[in-house]
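Asks: fold the stuff below for me.
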Amino acid sequence: MPKRLRILVSAYACAPNKGSEPGMGWNFVVGLANYHELHVIVEKRKFEKSINDFLKNNPGLDQNVTFYFIEKKRNKSLRRIWPPSYYWFYKKWQKETYKLACQLDEKENFDLIHQLNMVGYREPGYLWKINKPFVWGPIGGLENSPWRFLPSLGFKGFVFYAGRNILNLWQRRFLSRPRHASKRNISTLISATPNTSKLAKSIWGKDSHVISEVGFQINNKINYNKRLSNEPLKIVWSGRHIPGKNLPLLLMSLTKVNFEFELHILGDGELNNNWKRRAKKLKLDVNCIWHGWVDKTVTNEVYTSAHVLCITSISDLTSTVTLEALSNGLPIICLDHFGFSHVVNECCGIKIDVSSPYKASVDFSKALEKIYKDENLRQSLSQGAVQRAKDFSWESKIKSLNTIYNDLLEINCET
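Replies: The predicted structure is shown next:
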């Protein structure tokens with residue numbers, strides 16, 4: 001049992017029954033509360049109600065966790081014109097968080113401070129200035145999208161992701177606060193992926209631990225879905241319908257296969273109609289089932305009846321859908337980059353080289369053919385998926401964090 005600590009956590013996005021950043025923040029907080037006394041600062045407008053509603057219906061958590069809420073100012077009109085303006089207001093929220101943190105530390109005398117989320121490295125906040133052992137992460141965003149894939153995203157997608165890559169190269173080198181936060185004395189950096197860890201070392205000269213930002217609750221009731229010989233291969237794709245999710249890559253791959261299939265498409269977005277027209281033009285519309293945004297129960301039903309998940313994203317760190325699929329025993333075919341390189345291995349899926357969009361589409365079709373023709377292989381990958389998911393359970397992440405905390409405090413005692 002780790003030593004019980006009094007910890008201040010900055011978790012801008014934190015809410016129960018949510019995915020993405022709010023779910024990540026919530027699961028880390030709830031897991032750590034089993035061992036420590038937590039004081040957690042959260043954004044007020046988006047997350048206060050859902051947290052308070054949960055605490056009312058689930059008494060007990062508030063014995064180990066005290067939440068503090070600070071509202072972030074917003075300008076939706078400005079953000080529509082200039083999306084990066086989000087960071088102006090987010091930075092102001094971080095300054096208010098620092099003021100409150102200083103007051104709380106005088107009162108509570110924290111053992112340790114953890115800057116938890118948002119995950120992006122560009123805004124590390126200011127809590128690293130407080131003279132206490134400091135943990136930052138998991139962080140991501142240091143990696144660039146593969147340049148050769150950008151022209152295939154359409155004009156808008158090309159401009160956006162090329163601009164993001166160029167800006168990212170500049171920010172990695174010249175933003176000062178991420179460098180100061182990462183290199184502060186008596187501190188630990190946590191990277192979300194091994195590639196992020198390598199980049200952090202090369203850019204900031206700082207070693208880091210690797211803990212993925214996404215996780216899942218262990219499910220011991222997996223019913224492995226066996227595909228009958230006369231049954232079409234049921235493929236799942238999930239995500240927002242935006243250029244970076246890159247569904248057309250999979251559609252193009254499916255024009256090259258020679259077997260019966262169903263493509264179940266989860267999600268919605270600005271390119272929904274465009275992609276439907278693309279599927280029709282490629283004569284794939286009869287094979288596509290467009291589910292839109294559905295609740296978690298329906299999503300799980302789609303997963304459990306499917307045979308394989310395909311991920312074509314060129315920009316995600318490690319999407320939640322990856323571990324959702326693995327925990328449901330669903331093999332994964334994905335591009336070999338970002339967090340997917342880390343999570344998906346030869347025991348649970350097939351990774352596709354990112355040398356070019358054309359080669360990737362050919363390799364996707366070959367991988368799908370392989371999965372279709374060899375059900376024994378698919379069953380083996382399905383069982384491997386469940387085993388791999390256990391490596392990324394919230395329980396294992398909290399265990400790793402407790403080790404990091406204890407090691408950091410030992411260093412602090414020695415100094």
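Asks: residue 2 in helix, strand or coil?
Replies: Following DSSP: H, G, I helix; E, B strand; the rest coil, we place residue 2 in the coil state.
Asks: ok, it - contacts?
Replies: By C-beta atoms under 8 Å, 6 or more residues apart in numbering, the residues touching residue 2 are 35-36, 402, 405-406. C-beta: built from backbone N, CA, C; applies to glycine.
Asks: give me the neighbour count for residue 199.
Replies: When neighbours are defined as other C-beta atoms under 10 Å, residue 199 has 19 of them.
Asks: work out for me the element it sits within.
Replies: Taking DSSP states H and E as the criterion, residue 199 maps to helix 194-204.
Asks: in JSON lines: the contacts of residue 2, plus secondary structure.
Replies: Below are these laid out as JSON lines (three-state DSSP):
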{"residue": "35", "secondary structure": "coil"}
{"residue": "36", "secondary structure": "coil"}
{"residue": "402", "secondary structure": "helix"}
{"residue": "405", "secondary structure": "helix"}
{"residue": "406", "secondary structure": "helix"}
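Asks: list buried residues within these.
Replies: With neighbours counted using 16 or more other C-beta atoms under 10 Å, the contacts of residue 2 contain these buried positions: 35-36, 402, 405.
Asks: rewinding a little: just send the contacts of residue 2 back as CSV, with distance to residue 117 and pLDDT too.
Replies: Formatted as CSV, the contacts of residue 2 follow (distance: C-beta to C-beta, whole Å; pLDDT from 0 to 100):
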residue, distance to residue 117, pLDDT
35, 19, 95
36, 18, 96
402, 19, 96
405, 17, 96
406, 22, 94
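Asks: which single one of the residues you listed is nearest to residue 203?
Replies: residue 405 (25.1 Å; C-beta to C-beta).
Asks: quick one: contacts for the closest residue in space to that closest one that isn't next to it in sequence?
Replies: By the measure of C-beta to C-beta, 6 or more residues apart in numbering, the closest residue to residue 405 outside its immediate chain neighbours is residue 112, 5.9 Å from it. Residues counted as contacts of residue 112 (C-beta under 8 Å, 6+ apart) are 5, 7-8, 132-135, 405, 408-409.
Asks: in the sheet, which residues pair with residue 112? Tell me.
Replies: Beta-bridge pairing for residue 112 (DSSP bridges): residue 7.
Asks: would you agree residue 156 falls within a helix?
Replies: Yes: assessed by three-state DSSP, residue 156 belongs to a helix.
Asks: now do the same contact list for it.
Replies: residue 243 are the contacts of residue 156 under C-beta under 8 Å, 6+ apart.
Asks: just residue 136 next, same as before
Replies: With contacts taken as C-beta under 8 Å, 6+ apart, residue 136 has the following neighbours: 114-115, 124, 128, 181-182, 187-190.
Asks: pLDDT score assigned to residue 79?
Replies: Note on residue 79: pLDDT of 73.
Asks: same check, this time on the one 5 residues further on
Replies: What the model reports for residue 84 is a pLDDT of 72.
Asks: report the separation between it and residue 148.
Replies: Using C-beta to C-beta, to the nearest Å, we find residue 84 at a distance of 25 Å from residue 148.
Asks: nearest residue to residue 398 other than its sequence neighbours?
Replies: residue 31 (3.8 Å).
Asks: quick check: the gap between the one you found and residue 65.
Replies: In terms of C-beta to C-beta, residue 31 sits 11 Å off from residue 65.
Asks: mind listing residues that contact stretch 241-250?
Replies: Outside stretch 241-250, the residues that touch it by C-beta under 8 Å, 6+ apart are 145, 149, 152-154, 156-157, 160-161, 235, 237, 239, 263, 265, 267-272, 275, 278, 310, 312-316, 357, 360-361, 364.
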